[in-house]
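1. Okay, sequence plus prediction incoming.
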Amino acid sequence: MENEINKAHEEGESAPAEAPQERKIVVPGEVIVSGEDYLPGEGTRKEGQDIRASRYGMAQEFGKVTKVIPLSGAFIPQRNNIVIGTVVDIAFSGWLINIGYASTAFLSLEEFPRYVNKNEMDQHLGIGDIVAAKIWSVKAKGIDLSMKGPGLGKLDGGFTFKVIPSRVPRIIGREGSMISLIKERTNCKLTVGQNGEIWIKGEKIDDEIKARKAVEYVADKVAVSGLTQKMEDWFAENDK
């Protein structure tokens, strides 16, 4: 399940035509790249032939498009985001889910993957249960979730912890490379929500602790180049 969820997570974002070519820390107003062929992306603006940063963060070039990914900040829900949340209440027609946002999200019976009798809702999802779901609607009145889709559903066992949401793409890695490395070296199941919630489940507590430390290591060094090799070195040192 967790592999499908992380795949869905990646597909929930607009896939660039080319892989990112460069990463560097920039401040507002700094010129990232110059040339009439370059295009401004999220967190940037174009002045003449210069692409300048509009915020502090990590600059990345995707082909001719440049954007700045913030290194801090709150989670901003968007349609198709994969999120991890906790059931906090059961309503007449669905469940209220805490996804770490200002307002509680709602999972309706219609967006549950199978038929549920209204009198037996707590037998399928109870208060305190952890779920992986997809945001299918963001409105002024609230956020609507769906659990219809590959890998979405209740996450049994394990535990969750939180990282800065903007660092999630680095934790997942290019085409899921980083999260796959952590799974392989810790023998744990991991699911990453775009709201910064991480779910880990392993056969041994020591494995779960190592997986959490590995994720936190990546999150702390999100702007460092050559991070995959540094992660390999980290495992080599901690596996002794």
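-> Looks like it came in fine.
2. Which of the residues in the helix or strand hosting W95 are classified as buried?
-> Using DSSP states H and E, W95 sits within strand 94-98. Across strand 94-98, burial judged by 16 or more other CB atoms under 10 Å covers 94-97. C-beta coordinates here come from the backbone N, C-alpha and C atoms, glycine included.
3. quick one: low-confidence parts of the chain?
-> Regions of the chain meeting the criterion pLDDT under 70 cover residues 1-23, 240.
4. coming back round to it: dump the buried residues of strand 94-98 into a markdown table; add distance to F106 as well.
-> Formatted as a markdown table, these follow (distance: CB to CB, whole Å):
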| residue | distance to F106 |
| --- | --- |
| G94 | 6 |
| W95 | 7 |
| L96 | 6 |
| I97 | 7 |
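5. quick one: which of these is nearest to T104?
-> Minimum distance to T104 across the buried residues of strand 94-98 is 4.8 Å, recorded for L96 (CB to CB).
6. before we move on, the earlier item: given the strand holding W95, what are its sheet partners and their directions?
-> strand 82-90 (antiparallel), strand 105-108 (antiparallel) (DSSP bridges).
7. Generate a markdown table for the ones you listed, with distance to I69 and mean neighbour count as supplementary columns.
-> Output for the strands paired with strand 94-98, formatted as a markdown table (distance: least, CB to CB, whole Å; neighbours: other CB atoms under 10 Å):
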| stretch | distance to I69 | mean neighbour count |
| --- | --- | --- |
| strand 82-90 | 18 | 20 |
| strand 105-108 | 24 | 20 |
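8. Distance to V33 added to those strands, as CSV?
-> Output for the strands paired with strand 94-98, formatted as CSV (distance: least, CB to CB, whole Å):
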stretch, distance to V33
strand 82-90, 31
strand 105-108, 38
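9. Compare those and report which one is nearest to K154.
-> strand 82-90 (9.0 Å).
10. Show residues contacting the closest one.
-> Contacts of strand 82-90 with the rest of the structure, by CB atoms under 8 Å, 6 or more residues apart in numbering, involve 5, 8-9, 12, 77, 95-100, 104-105, 121-122, 125-135, 145, 152, 155, 160, 191, 193-195, 197-199.
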